[in-house]
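A.B. asks: for reference, the sequence and a predicted model appear below.
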Number of protein chains: 4
Amino acid sequence: MKPRVPVGVIGLGRMGQIYSRHLAQTIAEARLVFVSDVLEDRARALASELGVESWSTDYRELLASPAVKAVFVTSPTSTHREVVVAAAEAGKAIFCEKPIALTLEDTDQMLAAVDKAGVIFQVGFMRRYDAGYQAAKRHIEAGTIGKPVTFKSVGRDPFCPDLNYARPDVSGGLILDMAIHDFDLARWLMADEVKRVYAEGGTLAFPQLNTVGDIDNAVINLLFERGALGNVEVSRNAMYGYDIRTEILGTEGGLNIGYYQQTPLLILTRHGICHDMVPYIIERFGAAYQAQAKDFVERVMRDQPPAVTGADARAALVIGLAATRSFKEARPVDLAEYR
Amino acid sequence: MKPRVPVGVIGLGRMGQIYSRHLAQTIAEARLVFVSDVLEDRARALASELGVESWSTDYRELLASPAVKAVFVTSPTSTHREVVVAAAEAGKAIFCEKPIALTLEDTDQMLAAVDKAGVIFQVGFMRRYDAGYQAAKRHIEAGTIGKPVTFKSVGRDPFCPDLNYARPDVSGGLILDMAIHDFDLARWLMADEVKRVYAEGGTLAFPQLNTVGDIDNAVINLLFERGALGNVEVSRNAMYGYDIRTEILGTEGGLNIGYYQQTPLLILTRHGICHDMVPYIIERFGAAYQAQAKDFVERVMRDQPPAVTGADARAALVIGLAATRSFKEARPVDLAEYR
Amino acid sequence: MKPRVPVGVIGLGRMGQIYSRHLAQTIAEARLVFVSDVLEDRARALASELGVESWSTDYRELLASPAVKAVFVTSPTSTHREVVVAAAEAGKAIFCEKPIALTLEDTDQMLAAVDKAGVIFQVGFMRRYDAGYQAAKRHIEAGTIGKPVTFKSVGRDPFCPDLNYARPDVSGGLILDMAIHDFDLARWLMADEVKRVYAEGGTLAFPQLNTVGDIDNAVINLLFERGALGNVEVSRNAMYGYDIRTEILGTEGGLNIGYYQQTPLLILTRHGICHDMVPYIIERFGAAYQAQAKDFVERVMRDQPPAVTGADARAALVIGLAATRSFKEARPVDLAEYR
Amino acid sequence: MKPRVPVGVIGLGRMGQIYSRHLAQTIAEARLVFVSDVLEDRARALASELGVESWSTDYRELLASPAVKAVFVTSPTSTHREVVVAAAEAGKAIFCEKPIALTLEDTDQMLAAVDKAGVIFQVGFMRRYDAGYQAAKRHIEAGTIGKPVTFKSVGRDPFCPDLNYARPDVSGGLILDMAIHDFDLARWLMADEVKRVYAEGGTLAFPQLNTVGDIDNAVINLLFERGALGNVEVSRNAMYGYDIRTEILGTEGGLNIGYYQQTPLLILTRHGICHDMVPYIIERFGAAYQAQAKDFVERVMRDQPPAVTGADARAALVIGLAATRSFKEARPVDLAEYR
């Protein structure tokens, strides 16, 4: 067997379990050696199931282990600053699930710690690892569509989140929680920075979100530095499924990324021609999550720079903060307000 | 043969010719009896080809003819006010191609004249007659998607218009020229009024448009009176074809209207799986133009109110004016500014 | 007005009415001057509605009229021989709806009469006028898919026909009635002749067809003279709609012709992603019927040879007869049996 | 960690490597403990890469190991009889890749040995594990399409196989090699047995296949015992990609299984609207291979009967042998000839 990067996973919620399984079972370059979660049962059970040598309810034990070379930080966003700073100080390579933080203050502390420690720090914008988005990026760079002039993106979830999660102090609110992926794609695919945003939003489907101060739908106009335009729509009420689509219009053509049909079966009856829909995130981006984890581990192994940097995460956060402010204040917000 | 409504067509440019052919050849309820155009050759040739009894270079001769019961006004937008007011005073039923005017002043004079004369006045928003948009309207009214919460629309032309036409004093500029259709659909499908707009735009593909003060791309956020959201994107550089799509997201589902493939042929080679694209407006909406003309003629015959009123035209114009102002002044514009 | 070809229509059933309307209303090159049908009410009503000068219950009156230059024969198949022979003897240009006859004897009498009279004779295989099939033909001739090696075709009707019509002595039975279109496409698109057929069939959905000796489903293997392969499937029980598709596989690629979705509306709900289906033949091939009638009239006007000849009709009939015999005798049938 | 089934893999060609990786890395219920291949380098390298304890160039060593409870037989088809009989005598649970053999004699010896030993024996018809085919099976059983009346299947490979492999004594020839999957689907989805077949075939794209006695295209008509119809088309020259589709038509509707687009990216340019194609078998059925291996291992663990039996493999082989005979003798072949 080839040498493998010994990896630890901090935080074993939904994403932590997904990464743990990939690291333990499908990524030949990694060896999952340590998992931690504040819930003892969860840590013990996953370690047992996956044959992980060590587990703990205290992530600091994981960071203290010399056996661990790289960590996946999948604990709640509110803990990211503390964990990432500690991981940097411990000299670990760090993969941090999105969003890295809900404030610029936290973000800048993390980036400073990472910078000081000189460790690899990558952020979990997994859409960049999707075959469709990757092919789109290649086509843009190859000039297939000429100069990109308009970026459109739709991100719709099929249900209302738990109200404890939807609280803006936990999730950042709809725009930060969901559109952060689209803001990252906007910067990456357009190879440009956003200059100004304007958002409209509302609580239109799930009035219970009002009780925690969140909304369920938003449309956000983007103006890029070089003059290109954009619009991002996010929604929590796509009751038909998980709907993620992006369009780039250029001077010579266009690229549409995304799909609806999950199972390759068309049903033809008197009631119409029907097929199923992508149900949720893992069905749509499971392969991208796996590719992302594998790529990060390989970068650690080869001591290469990360594919998605802390600066990328910070830039997407700034767009999200500006869009949230735009919605609240009903005015266009120039991103220069955040510099 | 059943009785037919005797109809005249004023202005024999592209749209005038299309309506003339439908009225002369495919609409059993109409008889095309008079055509007029300032270009004598154009009027004479079309009258000869279609077997129309009378033609003139002066639309007032057409309006003076007692043989004409209804008129289609397809002359340049800048002439609409004068022609429509005269037609109303002549007691004709009036179908006016969109946009009825580029200013509220002109619009209000026309509506006043129509109102005073008590004639039928319908405006040419032909998308309402498309089978897809009609089915969408029925589904919304039937509750298929619950309460509509987001309206999205894309309108992309496959080429840069003639610079003489693109001049904002002729076409109204990109937003008024193209998005007026989307603004009408927004009001009709959402069964709500727009309260506020915010537009970003730019000249990104055809720098020559700068010489006449027009742009080629815009994204426009909408906020509806009852809180629903919207976004309209228009572009002049869809080099791949004529791309018209609308999406309505509701609390229980969604509706997507539009299509790409024109000819039912899929070509499978080493270079990929390919098909053709809708080339332009007549291939996409030819049947809708025909249905619209037929419906108007039937309404005249039965003395019924118009399907699309002058008030509808005015409301769409106000959205377009506000969006244009928003783009120019880089601020959200409340439609109350126009009341 | 340009000169127009004066046309008569014989037989005013469904197809006769369709052609009559096109000839009277949408084909500028034609003038419908005479209609005939054995049902007096039907002939009188259509003449009145369309403003046709003359009508009769006796097609011989129509043929005797010197005002009629070309005729559309849309009477029942069983009358085709008599009518076409008489029309040829009357020196009329003849368009005959498919199938021209149910026996080779009748066919050969018709072709002999046409040949003797030297009149234009075209047969109604309207699929050749569909935009998809036309584009496919162009791609094959341009070499897009290399050498065609396999022809596949599906023709499915959405209901059981009237039992009076389904009788094999009236319709020719399922294979002759429905697959004759596919056999014509096979010869035309492959530019080759069929050498051998083998058919399986059965009454699987509508047992009532057994009472008149017809079946409702068949699959027919084809071997072409130059070695290419084929399969045609026909069915009467596509309860979801009218399903017409053809595939050509070549040495360098493939062509798939056909489509399912009629209205450009996608409906997205918890129950899946659904759209409507092509309901029936006119929705699918209405434009092809119109293009076919127009092309025939233009050929008459220009004295050009027909696009689809009597020999084409005879060749498709032979394939149908052989396939029917193959089904009945459960053996491959070589088309040489019919020479 | 849960208990795992210790598994060996015999034959490390393409399929053997795929199963080995799944068993070693992604199937939590299995532990890959032994691999064998006649090529020493191949066996040693894969054992090293995957951390497999034991490897050998002699499959009998693998079968002799008490550590091995179940074996995957992925050696060349010509060796299946010998290996499976030996594995059965060694008391191992057996998964055998398709086709189990090229003759009924070999097949019957294998089934007798398995029967005598009382071991689990499953055959690799992985399409049954595809999400699309599984959903189709459920819909048929739920009555969504009424009674199935027609089975259509297309299987097209994107290249000419190596001539050493294409030899009919190695691969069984085109029909046995490729259509065996379709024959299995036909029996499974229609829940019926095939009664009669008729095949046409030819060497139309790759004349080099003539030198080894193989062909590259075939169409095969099926008649089922209860009267239903079918057609299977197989080809080696789908130069555009790997094209696997099945249609079931029933008395109340239809099911179409299969898809073309691999990457969720649509490319829109002046040259048309294009997307990529499924390139080959692993991109299309990788998840089905994994699900199949997992299901087999779970059945071994729970001592359950196999999902696809030796009788299933035998029945598909008989259809393939009959279709091959039909092609060679140009006559319908009744499957009773093989009883």
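C.D. replies: Good, I have the coordinates. Residues are numbered from 1 along each chain as shown, chains lettered A, B, ... in the order given.
A.B. asks: and A:Phe159, how many neighbours does it have?
C.D. replies: 12 (other C-beta atoms under 10 Å in any protein chain shown). Any C-beta I mention is one placed from the backbone N, CA and C, and that applies to glycine too.
A.B. asks: where does it fall, helix, sheet strand or coil?
C.D. replies: Under DSSP: H, G, I helix; E, B strand; the rest coil, A:Phe159 falls in the coil class.
A.B. asks: and A:Val170, how many neighbours does it have?
C.D. replies: Look at A:Val170: counted by other C-beta under 10 Å, it has 19 neighbours.
A.B. asks: helix, strand or coil: sort out it for me.
C.D. replies: Following three-state DSSP, we place A:Val170 in the helix state.
A.B. asks: against chain D, how distant is A:Ile273?
C.D. replies: 9 Å (C-beta to the nearest C-beta, to the nearest Å).
A.B. asks: hmm, I typed the wrong one, I wanted A:Pro279.
C.D. replies: As defined by C-beta to the nearest C-beta, A:Pro279 lies at a distance of 12 Å from chain D.
A.B. asks: which residues in the stretch 51-200 of chain A form helices?
C.D. replies: A:59-64, A:80-89, A:104-117, A:131-142, A:163-166, A:168-171, A:173-190 (DSSP state H, counting those that start in this stretch).
A.B. asks: and the second one with helix A:104-117, angle?
C.D. replies: Helix A:80-89 and helix A:104-117 are oriented at 10 degrees to each other (axes from the mean of the first three to the mean of the last three C-alpha atoms, to 10 degrees).
A.B. asks: again, but for the longest one
C.D. replies: Note on geometry: by the same axes, to 10 degrees, helix A:173-190 and helix A:104-117 are set 50 degrees apart in direction.
A.B. asks: okay, the helices of the stretch 51-200 of chain A, which one's buried deepest?
C.D. replies: helix A:173-190 (a mean of 25; mean count of other C-beta atoms under 10 Å in any protein chain shown).
A.B. asks: what about it, near chain B?
C.D. replies: No. Helix A:173-190 does not reach chain B (C-beta under 8 Å from any C-beta of the partner chain); its nearest approach is 11.6 Å.
A.B. asks: which helices and strands sit right next to that helix?
C.D. replies: Helices and strands touching helix A:173-190, by 3 or more C-beta pairs under 8 Å, 6 or more residues apart in numbering or on different chains; DSSP states H and E, are helix A:131-142, strand A:148-156, helix A:163-166, strand A:194-202, strand A:217-224, strand A:229-235, strand A:243-250, helix A:310-329.
A.B. asks: chain center to it: distance?
C.D. replies: A distance of 9 Å separates the centroid of the chain from that of helix A:173-190, by C-alpha atoms, centre = their mean, to the nearest Å.
A.B. asks: so for that helix, mean pLDDT?
C.D. replies: With pLDDT averaged residue by residue, helix A:173-190 scores 97.
A.B. asks: end to end, how far does stretch A:199-212 reach?
C.D. replies: 20 Å (C-alpha to C-alpha, to the nearest Å).
A.B. asks: let's test this: mean pLDDT of it, rounded?
C.D. replies: Mean pLDDT, stretch A:199-212: 97.
A.B. asks: and if you look at stretch A:320-328?
C.D. replies: In this model, stretch A:320-328 has a mean pLDDT of 98.
A.B. asks: try stretch A:264-273
C.D. replies: Here the average pLDDT along stretch A:264-273 is 96.
A.B. asks: also stretch A:71-78?
C.D. replies: 96.
A.B. asks: centre of the chain versus that stretch, how much separation?
C.D. replies: For stretch A:71-78, the distance to the chain centre is 12 Å (C-alpha atoms, centre = their mean).
A.B. asks: domain-wise, how is chain A divided?
C.D. replies: Under the assignment automatic domain parsing, the domains of chain A span A:5-119, A:128-283+A:316-338.
A.B. asks: A:Ala45: which element?
C.D. replies: Using DSSP states H and E, A:Ala45 sits within helix A:40-50.
A.B. asks: now the closest residue to chain D within the stretch 1-150 of chain A, nearest residue through space, not along the chain?
C.D. replies: Residue nearest to chain D within the stretch 1-150 of chain A: A:Gly132 (3.7 Å; C-beta to the nearest C-beta). Excluding its sequence neighbours, the residue lying closest to A:Gly132 (C-beta to C-beta, 6 or more residues apart in numbering or on different chains) is D:Pro264, at 3.7 Å.
A.B. asks: now do A:Gly258
C.D. replies: In space, A:Gly258 is closest to A:Arg245, 3.3 Å off (C-beta to C-beta, 6+ apart).
A.B. asks: can you pull the contacts of the single nearest residue of the stretch 1-150 of chain A relative to chain C?
C.D. replies: Residue nearest to chain C within the stretch 1-150 of chain A: A:Gly132 (18.0 Å; C-beta to the nearest C-beta). Contacts for A:Gly132 were tallied using C-beta atoms under 8 Å, 6 or more residues apart in numbering or on different chains; they are A:257-259, D:263-265.
A.B. asks: picking up where we left off before, reformat the domains of chain A as JSON lines; add distance to D:Arg60.
C.D. replies: Below are these laid out as JSON lines (distance: least, C-beta to C-beta, whole Å):
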{"stretch": "domain A:5-119", "distance to D:Arg60": "30"}
{"stretch": "domain A:128-283+A:316-338", "distance to D:Arg60": "41"}
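A.B. asks: and B:Arg60, which of those domains is closest to it?
C.D. replies: Closest approach to B:Arg60 among the domains of chain A (C-beta to C-beta): domain A:128-283+A:316-338, 44.9 Å.
A.B. asks: re the thing from before, count the neighbours of the residue nearest to A:Gly132 for me.
C.D. replies: Neighbour tally, D:Pro264, other C-beta under 10 Å: 23.
A.B. asks: go on, A:Leu249?
C.D. replies: Neighbour tally, A:Leu249, other C-beta under 10 Å: 31.
A.B. asks: distance of it from B:Asn221?
C.D. replies: The gap separating A:Leu249 from B:Asn221 is 18 Å, by C-beta to C-beta, to the nearest Å.
A.B. asks: same question, A:Arg196
C.D. replies: Taken as C-beta to C-beta, the span from A:Arg196 to B:Asn221 is 12 Å.
A.B. asks: go on, A:Gln208?
C.D. replies: 25 Å.
A.B. asks: what's the farthest-apart pair in the contacts of A:Gly132?
C.D. replies: Taking C-beta to C-beta, no two of the contacts of A:Gly132 sit farther apart than A:Gly258 and D:Thr263, at 11.0 Å.
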